[in-house]
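# Sequence plus the predicted model coming up.
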Amino acid sequence: MEKAIDNKDEVVFEILDYSYIFTELGLFSVGIFSAIVICIYNGSIHEAYSSLTPFGQFVFAYLILRGLSISYLAFVSKNYKIIFYQNRIKRTKTNEIRDLDNFKNAYNVFWQIATDKTAYWNPFKVIFLIIAIPGQIFIMFLVITKWIGTMIYSKRFLANQYSLVVVFNDEKLINLSYGFLNNEEKKFIEEYFSKYFNIKNLEKGFLMLPSEQGEENE
């Protein structure tokens with residue numbers, strides 16, 4: 001470990017990209033749930049699938065196949081990782097690199113759904129989530145999927161549902177879900193970012209970051 005830290009091009013540590021994996025599995029759960037509902041209404045899988053429009057059949061098949069492929073790539077091949085170097089972080093899903101010199105802020109977010117494009121709360125998003133039934137259903141599935149995942153990983157019914165969301169100056173994010181991390185990974189994350197912030201003293205948010213523009217860490 002110490003030797004790796006001395007060379008900024010060597011890998012210091014790596015973990016699975018749980019935030020991405022379980023967001024995708026949330027979509028998978030939507031497909032599964034839809035299949036169950038349609039089958040109950042129509043009486044069989046064949047009749048249910050046949051009752052859909054061509055577009056509906058495509059969407060249904062896409063969600064199922066994508067969910068299966070994500071599960072395989074994530075947990076068997078382990079293709080989706082967050083890799084830590086001395087001064088930068090890489091997401092293998094997108095091959096994007098986050099330079100710690102561009103660190104802006106960090107938050108502890110409960111049931112986070114924040115992404116690069118939808119990071120902060122604003123009045124429009126609040127109104128949209130109140131009146132938009134599809135949005136509410138999707139978030140519900142994300143929350144349920146993440147809760148089940150953290151429960152399985154941590155072997156605790158009331159697993160930690162907070163995520164560390166690290167924001168960079170270009171508004172790109174890194175999401176690290178505490179409930180999926182083992183003790184070694186949690187200790188590493190805390191020590192790795194200790195130069196920039198104290199994880200235990202971060203401002204908290206719900207679903208998204210707590211303000212539209214965020215504030216610089218002191």
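Cool, the structure landed.
# I'd like to know which elements the strand or helix carrying E24 is packed against.
Per DSSP states H and E: E24 is located in helix 18-42. Under the contact definition 3 or more CB pairs under 8 Å, 6 or more residues apart in numbering; DSSP states H and E, helix 18-42 sits against helix 45-51, helix 54-75, helix 133-154, strand 173-177. (Each C-beta comes from the backbone N, C-alpha and C, glycine too.)
# Check which strands are paired with the shortest one and give the direction for each one.
Using DSSP bridges, the neighbouring strands of strand 173-177 in the sheet come out as strand 162-168 (antiparallel).
# For the partner strand, which outside residues touch it?
19, 98-99, 102-110, 112, 114, 119, 173-179, 189, 193, 199, 202, 204-205, 209, 214 (CB atoms under 8 Å, 6 or more residues apart in numbering).
# Sitting in helices, which of these do you find?
Per DSSP state H, helices hold the following members of the contacts of strand 162-168: 19, 189.
# Any chance of a ChimeraX selection covering the buried ones in the contacts of strand 162-168?
Written as a ChimeraX command, the selection of buried residues from these, which uses 16 or more other CB atoms under 10 Å, is:
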select :19,98,103,104,105,106,107,108,109,112,114,119,173,174,175,176,177,178,179,189,193,199,202,205,209,214
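# List the ones among the contacts of strand 162-168 that fall in strands.
Taking DSSP state E, the ones among the contacts of strand 162-168 that sit in strands are 98-99, 103-110, 173-177, 204-205.
# What pLDDT is listed against I5?
Note on I5: pLDDT of 42.
# I'd like the distance between K195 and T150.
28 Å (CB to CB, to the nearest Å).
# With S69 instead?
Taking CB to CB, one finds S69 at 22 Å from T150.
# Among those two, which residue is more densely surrounded?
T150 (23 against 12; other CB atoms under 10 Å).
# For the closest residue to W147 other than its chain neighbours, give me the pLDDT.
Setting aside the residues directly before and after it, W147 is nearest to Q161 in space (CB to CB, 6 or more residues apart in numbering), at 6.7 Å. With respect to pLDDT, Q161 scores 82.
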